[in-house]
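*Asks:* what's the 3D shape of this:
(one chain, ligands or ions: 1)
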Amino acid sequence: MVEAGESEMTECAQMFIAGEWCDGGAGTAEVLNPSNGQPIGAVAISDCADLDRALASADGAFSGWSRTSAYERSAILRKAGDLLRARAEEIGRLMTIEQGKPYEEAKGEVMGSADHIDWAAEEGRRIYGRVIPARAPNVSQIAYKVPLGVVAGFSPWNFPVSQAVRKIAGALGAGCSIVIKCPEETPYSCAELVRCFADAGVPAGVLNLVYGVPSEISEHLIPAAPVRMVSFTGSIPVGKHLGELAARHVKRCTLELGGHSPFIVAEDADVDAALALAVGLKFRNAGQVCASPSRFMVHERHYDRFVDGFVKGAEALKVGDGFTKGVQMGPLANIRRLEAMEAFVQDATDRGATLRFGGRRIGNEGYFFEPTVLTDVPEDARLMVEEPFGPLAPIAPFSSLDQAIEKANQLPFALAAFAFGSSQHTVSQLSEGLEAGMVSINHFGIASPETPFGGMKESGYGSEGGVEGMEAFITTKFVSAASLAA
Ligand code: NAD
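*Replies:* Below is the predicted model of the structure:
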């Protein structure tokens, strides 16, 4: 078993198909520790035959699972949640080794994921249909809510457990079966998540885990006849591609894509409270969070104080290996993110931005990047129009709140928006004016299991979490039955 700080995992992370752990027909791929760039193990890579087995097992298991009472499904899921809590330390350790985030954060993610399972377990028992009064006597009209069928899920590496769990628990709670492709970068913690469901008694075939070449898997799974729903979390370009593929085959689709969240500090804001949240939120998970604030707009009255406070906060952050005590920010997840950060900063400074803090790779081992603060970033810099997905914080002043809101809304992405302001008028202006799937004012209030998580515009459609998250996995079946006289 992997110990904290140990960087070698001898066993290959296997796939789980038809209730059995298995190797992949296409061999293995290396898994790296982002804290030192060294190999830590391997992940099984599927071939078409593996994917077909996964599809067949999910298809075969659907009928039994969808007919299992919601009460019984709920009990199994609750047990999976309990197992996940009991194994949080071990799974958190795996996550820190393969993804890099601080160990306490990783463990917290696992614990929070158990709450998602509990929510889906309970909410699955509250999927109600309705009786519709008929126009004729002796006719019953019932709209049933039924599970869609086999789900093809694609989850990302930034939150290996909590992103996968939303898809798995939602699908299973609603009575669907699922084939999920978890991230090849972080397969070990994902596999342990799946093991919790298997150990809790989820029948063979209901939950299948695969890894491989992402494009090959999506091209194979999405058109496949048994698949009735696609759930993807990841980048906007990939989401657009998968959305097209799903549309071509008339498959229901939930797309939870990237964003470029504004963080507005209004003239009447509590600046200290805003600063305390802003720094923590920006650099959590090294900024690799789809809802991470990435455009800070501060009323000119508070601008200098906010920039100074933000720089101090960034300077004070302890960056390092996620197992080192006191570390608040780990490495970026892979070399691609490191190169992307360097390119964003270079482009911004070439265009005249001022680097207030950071801006460089830390050392030459692992994928560490400095928490970075920039001001005077031109509106057309790549950092202002593309999702940075990393620890970069551009800060700009504004004089009119209306104009700040207009600017916040001007990008084609609209996942989350954050704001601080104290008067009722300011809060109304912000909550009504900001265009985003999730708006959080004067605190961090998004992403709990019972609230909808999802975007507007190019940030995607559909929700995960909340009642809406369960609705994604169900469809309506209307039955009109006339009783004939004997
Ligand atoms: P990427 O676009 O190559 O991959 C993003 C995710 O999509 C990965 O998990 C990958 O396995 C998967 N993927 C890629 N191509 C796919 C395909 N054809 N079919 C199915 N899945 C596919 O980018 P990356 O370098 O791994 O990550 C960086 C970008 O991804 C960021 O800019 C960010 O926008 C996005 N991202 C978003 C989230 C999120 O929570 N919304 C999470 C992780 C990454």
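*Asks:* CA only for contacts and neighbour counts going forward, please
*Replies:* Will do.
*Asks:* just the closest residue of the stretch 51-200 of the chain to the ligand, please.
*Replies:* Going by CA to the nearest ligand atom, the ligand is nearest to residue 156 of the stretch 51-200 of the chain, at 3.5 Å.
*Asks:* I figured that residue was touching residue 183, is that so?
*Replies:* Yes. At 5.4 Å, residue 156 counts as touching residue 183 under the criterion of CA atoms under 8 Å.
*Asks:* ok, the two, which is more surrounded?
*Replies:* The neighbour comparison of residue 156 against residue 183 (other CA atoms under 10 Å) goes to residue 183, with 23 against 20.
*Asks:* and that one, what is it in contact with?
*Replies:* 154-157, 160, 211 (CA atoms under 8 Å, 6 or more residues apart in numbering).
*Asks:* any idea which helix or strand carries residue 63?
*Replies:* helix 48-67 (DSSP states H and E).
*Asks:* what comes up buried for that helix?
*Replies:* 50-52, 54-63, 65-66 (16 or more other CA atoms under 10 Å).
*Asks:* where in this structure is pLDDT low?
*Replies:* 1-8, 10 (pLDDT under 70).
*Asks:* try 90 this time
*Replies:* 1-11, 484-486 (pLDDT under 90).
*Asks:* any idea how it splits into domains?
*Replies:* According to automatic domain parsing, the chain comprises the domains 15-257+461-477, 261-449.
*Asks:* was I right about residue 60 contacting residue 207?
*Replies:* No. Counting by CA under 8 Å, residue 207 is not a contact partner of residue 60; they are 11.4 Å apart.
*Asks:* what segments of the stretch 151-300 of the chain are strands?
*Replies:* 177-181, 207-210, 227-233, 252-256, 261-265, 293-299 (DSSP state E, counting those that start in this stretch).
*Asks:* distance to the ligand and mean neighbour count added to the ones you listed, as a markdown table?
*Replies:* As requested, the strands of the stretch 151-300 of the chain are exported to a markdown table (distance: least, CA to the nearest ligand atom, whole Å; neighbours: other CA atoms under 10 Å):
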| stretch | distance to the ligand | mean neighbour count |
| --- | --- | --- |
| strand 177-181 | 8 | 29 |
| strand 207-210 | 12 | 29 |
| strand 227-233 | 5 | 25 |
| strand 252-256 | 6 | 25 |
| strand 261-265 | 12 | 28 |
| strand 293-299 | 12 | 26 |
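*Asks:* out of the ones you listed, which is closest to residue 414?
*Replies:* Of all the strands of the stretch 151-300 of the chain, strand 261-265 sits nearest to residue 414, with 7.2 Å by CA to CA.
*Asks:* neighbour-wise, which of the contacts of residue 183 leads?
*Replies:* That'd be residue 211 among these, by other CA under 10 Å, with 28 neighbours.
*Asks:* now the residue nearest to residue 386 when sequence neighbours are not counted. Its backbone dihedrals?
*Replies:* Of all residues not flanking residue 386 in the chain, residue 260 sits nearest, at 7.2 Å (CA to CA, 6 or more residues apart in numbering). Residue 260 has phi and psi values of phi -160, psi 70 when expressed as degrees, to the nearest 10.
*Asks:* can you tell me which residues contact residue 260?
*Replies:* Contacts of residue 260 by CA under 8 Å, 6+ apart are 290-295, 385-388, 411, 413-416.
*Asks:* which one of the residues you listed sits closest to the ligand?
*Replies:* residue 290 (4.4 Å).
*Asks:* what residues are up against the closest one?
*Replies:* Here residue 290 is in contact with 257-260, 389, 415 (criterion: CA under 8 Å, 6+ apart).
*Asks:* from residue 32, how far out is the residue of the stretch 51-200 of the chain closest to the ligand?
*Replies:* Distance check for residue 156 against residue 32: by CA to CA, to the nearest Å, it reads 16 Å.
*Asks:* verify the contact between residue 434 and residue 409 for me.
*Replies:* Yes. If you go by CA under 8 Å, residue 434 and residue 409 touch, sitting 6.5 Å apart.
*Asks:* hang on, residue 419 in a helix?
*Replies:* No. Counting by DSSP: H, G, I helix; E, B strand; the rest coil, one finds residue 419 to be strand, located in no helix.
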